[in-house]
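Colleague: what's the 3D shape of this:
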Amino acid sequence: MPCELLAPAGSLEKLKTALYFGADAVYLGGKHFSLRAFADNFTDEELEEGVRYAHARGKKVYVTVNIFARNADFAALSAHFGLLREIGADAAIVTDAGAFALAKKAAPGLPLHLSTQANTTNRYAAEFWQEQGAARVVLARELSLAEISAIHEHCPGLELEAFVHGAMCISYSGRCLLSNYLAGRDSNRGACAQACRWQYTVRAREEGSELPVEEDARGTYLFNSRDLCLVARLPELAAAGVCSFKIEGRMKSAYYLAAVVNAYRRVLDGALSAAAALEELKTVAHRDFTEGFFGGTAADTVAAGGSQVAGTREYAADVLHGNEAGPALVQMRGRFRAGDTLEVLSPSGSFGAAFSVQGMTDEEGSPVEDAKRVLQKLRLPAPVPLHAGDILRRVPSPKG
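Modeller: Here you go, the predicted model:
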């Protein structure tokens, strides 16, 4: 069976984007019980719509129910698990042992995946959760390739899912108290303030004086991790028993999601080399990349520079209607002008094609030289096939 490409979906729009650009499955959260409380997330009605939309396309939906639950949560949790079974969710992703036990009683038959927050770092823990009824374990990010392989050999019937791309957490598999301590927002219940990304000033006391400790002139980012990128390691992970490659990012934009999913999809399909995919992944905002613990140690994981770097492309427009019968109808998402070079982001063969903006008009046919009105709809001739759902991005000129 080919490995699954699993993408984040922070909203219904992002679910559709992820599936259009090649995800086999998405993971998402409802309005409660999810570790991404500040994503748009899904109402009960949207959960049902999302599952129906995905299933109509032969795709799967996994729903995160992965907070560390308190006593007061359990009555509503029971109803939530029942809803997920009723609407046909393909699995619930659970961390808490009590919630796991409750799900088996409240929603028998609903597949359960053990969240990475449960810190499964050894074959015996994996075996334990398999015996409890877990269909899949989402492995801790701290595992090496050799450790993953050992777990698979010990539990060959257990599905293994591993993160391959996206933001990393300085804390052990995301179990962090820093946000709660500094900002009063509990990361273990979905309200993380990302305190690890902040700039810190560390002072050492010596003979009564305070000496500032700095990493470099840009500041001190002691806890800020680089972004994980294992696009070159997918064959090795598959050989080690990983059946699902997971992309992080329910808080990321639909544009980011499109670019990352498209790159990994093309690598899995043999349509793009890992080296070319790495350059493609740099087209959207990111931190410096790291392979994390893949090789057994986590060298060079701190993102000392602080914030993300801009991508090598700029989000310009969404394609609303294709150009089969004339100019495509697009919606402006970033400013571009006549003469600019636009590049196509698409799951089709038009991916990577570039063309110069010429003959652009508004919907009434009036010429437009400068697309600067936010969300304006425009008619845009293009020499390559464009389809609804494609994205156009501006290639910056050497002068910007």
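Colleague: What about residue 260? Give its phi and psi, please.
Modeller: Residue 260 has phi and psi values of phi -70, psi -50 when expressed as degrees, to the nearest 10.
Colleague: Revised request: answer the last question for residue 287.
Modeller: The phi/psi pair for residue 287 (degrees, to the nearest 10) is phi -90, psi 170.
Colleague: From the structure, what's the count of residues near it?
Modeller: Other residues lying near residue 287 total 21 when counted by other C-beta atoms under 10 Å. For every residue, glycine as well, the C-beta is placed using N, CA and C.
Colleague: and the gap between it and residue 224?
Modeller: Using C-beta to C-beta, to the nearest Å, we find residue 287 at a distance of 8 Å from residue 224.
Colleague: again, but for residue 9
Modeller: 26 Å.
Colleague: out of those two, which sits in the busier spot?
Modeller: Neighbours were counted for residue 9 and for residue 224 using other C-beta under 10 Å; residue 9 has more, 30 against 23.
Colleague: wait, the more buried one sits on residue 50?
Modeller: Yes. Using C-beta atoms under 8 Å, residue 9 makes contact with residue 50 at a distance of 7.2 Å.
Colleague: what do the two both touch?
Modeller: Residues touching both residue 9 and residue 50 by C-beta atoms under 8 Å, 6 or more residues apart in numbering: 15, 26, 28.
Colleague: Using a markdown table, lay out those residues together with pLDDT, distance to residue 131 and neighbour count.
Modeller: Converted to a markdown table, the shared contacts of residue 9 and residue 50 look like this (pLDDT from 0 to 100; distance: C-beta to C-beta, whole Å; neighbours: other C-beta atoms under 10 Å):
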| residue | pLDDT | distance to residue 131 | neighbour count |
| --- | --- | --- | --- |
| 15 | 98 | 33 | 28 |
| 26 | 98 | 28 | 31 |
| 28 | 96 | 28 | 31 |
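Colleague: which ones among these are found in helices?
Modeller: residue 15 (DSSP state H).
Colleague: with the shared contacts of residue 9 and residue 50 in mind, which one is nearest to residue 117?
Modeller: The shortest distance between residue 117 and any of those, using C-beta to C-beta, involves residue 28 and amounts to 16.1 Å.
Colleague: so that closest one makes contact with residue 60?
Modeller: No. Taking contacts as C-beta under 8 Å, residue 28 lies outside contact range of residue 60: 11.2 Å.
Colleague: what about residue 46, which SS state?
Modeller: Remark: residue 46 carries the secondary structure label helix [criterion: DSSP: H, G, I helix; E, B strand; the rest coil].
Colleague: Spit out the contact partners of it.
Modeller: Under the contact definition (C-beta under 8 Å, 6+ apart), the residues listed for residue 46 are residue 12.
Colleague: can you check residue 93 too?
Modeller: Counted by C-beta under 8 Å, 6+ apart, residue 93 has contacts 27, 62-66, 113-115, 138.
Colleague: Out of those residues, grab the one that's most surrounded.
Modeller: Highest count within those by other C-beta under 10 Å belongs to residue 65, 31 neighbours.
Colleague: Need the phi and psi values for that one.
Modeller: Reported as degrees, to the nearest 10, the phi and psi values for residue 65 are phi -130, psi 60.
Colleague: so it bridges to which residues?
Modeller: Using DSSP bridges, the bridge partners assigned to residue 65 are residue 94.
Colleague: surely it meets residue 99?
Modeller: Yes. Using C-beta under 8 Å, residue 65 is in contact with residue 99, at 6.3 Å.
Colleague: joint contacts of these two?
Modeller: Jointly contacting residue 65 and residue 99 under the rule C-beta under 8 Å, 6+ apart are residue 77.
Colleague: Distance from the chain centre to stretch 238-255, please.
Modeller: Using C-alpha atoms, centre = their mean, to the nearest Å, the distance from the centre of stretch 238-255 to the centre of the chain it belongs to is 6 Å.
Colleague: again, but for stretch 71-81
Modeller: In terms of C-alpha atoms, centre = their mean, the gap separating the centre of stretch 71-81 from the centre of its chain is 27 Å.
Colleague: Would you indicate which residues of that stretch are buried?
Modeller: Neighbour-count burial for stretch 71-81, counted by 16 or more other C-beta atoms under 10 Å, picks out 73, 77-78, 80-81.
Colleague: Could you do stretch 251-258 as well?
Modeller: Of the residues in stretch 251-258, those with enough neighbours to count as buried (16+ other C-beta under 10 Å) are 252-258.
Colleague: for those residues, which one is nearest residue 347?
Modeller: Distances from residue 347 to the buried residues of stretch 251-258, taken as C-beta to C-beta, are shortest for residue 258 (8.9 Å).
Colleague: element containing that closest one?
Modeller: helix 254-268 (DSSP states H and E).
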